[in-house]
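Trainee: For reference, the sequence and a predicted model appear below.
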Amino acid sequence: MLSTCIEIFFARILDVSINTFRTMIMLKKKSIITPILAFCEVFVWFIAARKALNTEINSILIPICYSLGYASGTIIGSFLSRKFIKNVNSIEVTTKANNYKLIKYLRKEGYAVSVIALKNPYESKKDLLIIDVKSKLTNEVVKLIKSLDKDAFIVVKDTRLVYQGYIK
């Protein structure tokens, strides 16, 4: 019984990890590899489901291992996606107008910063800063912004495609 539970558990980890990774690749429009991953995913899922449903064992451990494999596969697939799929994030910062200290410091650190003046007749003038960075640098840039302007409104967006420009 234990070997059946372990087989089901690891098969589910494999198929769900592939599923999560495949989904992230599809979202990034890298569709050449997705049919291959889809085939592998369903093949492994079929084996795991057949093993779980056709066993003579009437133990609660079978659905528990099946479910734990699914949950673990989601975690592992997410980790693989972050590790192997290079993302670019767009950080939008609404700050007080002419926040030269923040702009100059970000540029000095090597980040390309676009500045757009915002107009609202009901509030003081503000600027919108747009900074595109590789996803692994996002937290570092957000901490930097917060340290220089604690009142800044920050929005981080996943950017699908970037053409030309400069990204640190």
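Mentor: Structure's in. What do you need?
Trainee: For this structure, which segments count as strands?
Mentor: 88-96, 114-118, 126-134, 153-159 (DSSP state E).
Trainee: My guess is K126 contacts T94. True?
Mentor: Yes: if you go by C-beta atoms under 8 Å, K126 and T94 touch, sitting 5.6 Å apart. C-beta: built from backbone N, CA, C; applies to glycine.
Trainee: OK, contacts around V44?
Mentor: Residues counted as contacts of V44 (C-beta atoms under 8 Å, 6 or more residues apart in numbering) are 11, 14-15, 18.
Trainee: wait, I meant K146
Mentor: 152, 154.
Trainee: mind giving me the domain split of the protein?
Mentor: 2-84, 88-159 (automatic domain parsing).
Trainee: Tabulate those domains (CSV), appending mean pLDDT.
Mentor: Formatted as CSV, the domains of the chain follow (pLDDT from 0 to 100):
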stretch, mean pLDDT
domain 2-84, 88
domain 88-159, 88
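Trainee: before we move on, the earlier item: joint contacts of K126 and T94?
Mentor: What both K126 and T94 touch, as defined by C-beta under 8 Å, 6+ apart, is the set L118.
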